[in-house]
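> got a structure for you, letters missing:
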């Protein structure tokens with residue numbers, strides 16, 4: 001296939017001075033016209049954006065509460081074309097999720113006198129470790145591709161990840177809000193490019209993972225049930241259980257895969273969604289997903305003003321966990337305290353308040369496994385140790401906090417959710433959408 005013609009074109013070999021001057025002048029004039037057209041198109045895009053009706057939604061909650069997954073659910077239900085168009089970008093994230101868990105298991109093997117599984121002899125484990133060693137390079141490639149600051153940020157560099165390795169927790173890659181990683185993953189090399197680009201490296205990583213897929217499956221089959229017990233265990237098991245499909249060179253992520261993919265956001269990520277469903281077609285919904293770590297909460301207030309709705313996610317499964325940044329603070333207690341602070345904000349006095357008691361599936365699994373909620377919440381003593389009763393108790397507690405802490409009387413909309421249950425989320429998000437639309441209309445009418 002012939003290469004794409006370069007611009008400007010190469011000058012004729014027999015060109016004289018007069019012809020050269022005329023050609024250069026024509027090229028300058030063509031560039032001037034092209035630049036004017038580009039400026040006019042950009043100005044038109046900006047004007048259209050200003051005129052398009054906007055609904056602004058603020059997502060709040062501690063780190064790992066499910067905010068980013070909630071955004072993906074909104075996109076899946078109300079902007080499906082955009083959601084599926086980004087599947088290629090999410091493939092790199094999913095591969096990184098899988099590879100990190102595999103490398104975590106391999107690290108456990110290398111630090112243990114006996115392998116944490118009983119179906120494969122020791123010598124065969126060592127062979128697996130050797131055959132899967134290229135996945136360390138795959139992790140490095142994908143981390144570098146997704147983390148714009150991986151080379152100079154201690155929070156995302158592969159060296160920092162290894163130095164802070166913990167046997168009880170799989171580390172996660174972090175990206176800065178607004179880094180544009182999705183566009184980067186979709187970008188392909190241009191005709192004039194000469195050096196390997198990030199997508200080239202990612203394609204190399206895919207081929208390595210495909211070559212290792214049988215060994216990944218064998219390694220996971222040999223593991224004992226308790227090997228992944230940290231907060232990422234659920235999504236880690238999901239991708240390991242689907243390792244053969246996910247590792248295949250022809251793999252295309254499904255909706256369930258994308259919803260379970262994890263990528264930690266540092267700072268604020270802004271999502272603009274051109275709604276595709278009939279009720280809101282033509283409107284733009286803007287979501288602000290702010291980082292939930294303690295060190296990032298000071299920046300929240302600057303996003304409180306001029307939002308139509310605030311959605312707060314409380315991970316109710318965190319009753320027996322501590323914050324990653326402070327092991328002396330209970331996650332659920334921190335979330336309750338954070339909720340009180342948000343309710344008191346005068347800047348959010350006119351916003352629609354929506355509370356999502358999230359990760360109900362993990363709460364139910366923990367209680368079924370024998371953990372007692374009353375051991376972590378003394379005021380719950382004497383009540384049934386069942387998920388529906390615990391969820392109702394937390395609903396009552398947080399509604400009371402909202403009632404007593406709010407600067408003025410307003411309605412609170414509460415839902416018990418599981419962000420990876422697409423059937424449940426379809427019902428919840430339709431309700432949330434209707435509430436936001438109605439409240440926004442009423443507020444506009446009052447104004």
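Looks like it arrived, so ask away. Values in this document were obtained by computation on a predicted structure and should not be read as measured data.

> which one's the longest helix in the chain?
helix 17-51 (DSSP state H).

> buried set for it?
Residues of helix 17-51 include none that count as buried (16 or more other Cβ atoms under 10 Å). (Each C-beta comes from the backbone N, C-alpha and C, glycine too.)

> partner strands of the helix or strand following it, with direction?
Using DSSP states H and E, the helix or strand that follows helix 17-51 in sequence is strand 54-60. In the sheet, strand 54-60 lines up against strand 284-290 (parallel), strand 309-315 (parallel) (DSSP bridges).

> hey, where'd the strands end up in the stretch 251-400 of the chain?
Counting by DSSP state E, counting those that start in this stretch, the stretch 251-400 of the chain has strands at residues 264-266, 268-274, 284-290, 309-315, 322-323, 326-330, 352-358.

> quick check: which ranges of the stretch 301-447 of the chain have low pLDDT?
441-447 (pLDDT under 70).

> for the helix or strand containing residue 104, packing partners?
Here residue 104 sits within helix 87-110, counting by DSSP H and E. Where contact means 3 or more Cβ pairs under 8 Å, 6 or more residues apart in numbering; DSSP states H and E, helix 87-110 is packed against helix 122-131, helix 135-146, helix 181-186, helix 198-221, helix 233-241, helix 243-247, helix 255-260.

> how about those, which one is nearest residue 99?
helix 135-146 (4.9 Å; Cβ to Cβ).

> can you pull the contacts of residue 209?
Contact analysis of residue 209 by Cβ atoms under 8 Å, 6 or more residues apart in numbering lists 95, 98-99, 135, 138, 216, 247.

> ok, now residue 415?
354-357, 428, 431-432.

> and residue 410, by the same measure?
349, 353.

> may I have the phi/psi pair for it?
phi -160, psi 160 (degrees, to the nearest 10).

> against residue 435, how distant is it?
Distance, residue 410 to residue 435, using Cβ to Cβ, to the nearest Å: 12 Å.

> got the domain ranges for the protein?
54-79+275-446, 87-260 (automatic domain parsing).

> now the shortest one: mean pLDDT?
Here the mean pLDDT over domain 87-260 is 74, rounded to a whole number.

> quick revisit: buried members of the contacts of residue 415 into ChimeraX, please.
Those of the contacts of residue 415 that count as buried under 16+ other Cβ under 10 Å are selected in ChimeraX with:
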select :354,355,356,357,428,432
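
> make a markdown table out of the contacts of residue 415 and add distance to residue 263.
Formatted as a markdown table, those follow (distance: Cβ to Cβ, whole Å):
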| residue | distance to residue 263 |
| --- | --- |
| 354 | 24 |
| 355 | 25 |
| 356 | 20 |
| 357 | 23 |
| 428 | 23 |
| 431 | 27 |
| 432 | 23 |
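
> most packed of the strands paired with strand 54-60?
The highest mean neighbour count among these, using mean count of other Cβ atoms under 10 Å, belongs to strand 309-315: a mean of 25.

> give me the contacts around that strand.
55-62, 64-67, 70, 304, 331-332, 335-336, 339, 342, 348, 351-359, 394, 398, 432, 435-436, 439-440.

> any idea of the angle it forms with strand 352-358?
20 degrees (axes from the mean of the first three to the mean of the last three Cα atoms, to 10 degrees).

> centre of the chain to strand 309-315, how far?
Strand 309-315 sits 16 Å away from the centroid of its parent chain (Cα atoms, centre = their mean, to the nearest Å).

> follow-up on the earlier one: nearest to residue 260, of the contacts of residue 209?
Distances from residue 260 to the contacts of residue 209, taken by Cβ to Cβ, are shortest for residue 98, at 10.8 Å.

> okay, now that closest one: neighbour count?
28 (other Cβ atoms under 10 Å).

> wait, it sits on residue 243?
Yes. Residue 98 is within contact range of residue 243, at 6.4 Å (criterion: Cβ atoms under 8 Å).

> got the angle between the helix holding residue 104 and helix 135-146?
Going by the same axes, to 10 degrees, helix 87-110 makes 140 degrees with helix 135-146.

> about what we covered before: adding distance to residue 324, write the helices and strands packed on helix 87-110 out as JSON lines.
Shown next, in JSON lines, are the helices and strands packed on helix 87-110 (distance: least, Cβ to Cβ, whole Å):
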{"stretch": "helix 122-131", "distance to residue 324": "28"}
{"stretch": "helix 135-146", "distance to residue 324": "18"}
{"stretch": "helix 181-186", "distance to residue 324": "22"}
{"stretch": "helix 198-221", "distance to residue 324": "25"}
{"stretch": "helix 233-241", "distance to residue 324": "15"}
{"stretch": "helix 243-247", "distance to residue 324": "26"}
{"stretch": "helix 255-260", "distance to residue 324": "20"}
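
> closest one to residue 272 among those helices?
Closest among the helices and strands packed on helix 87-110, using Cβ to Cβ: helix 181-186, at 12.4 Å.

> so which of the domains of the chain is nearest residue 267?
domain 87-260 (3.9 Å).

> and the end-to-end length of the closest one?
Domain 87-260 stretches 13 Å from its first residue to its last (Cα to Cα, to the nearest Å).
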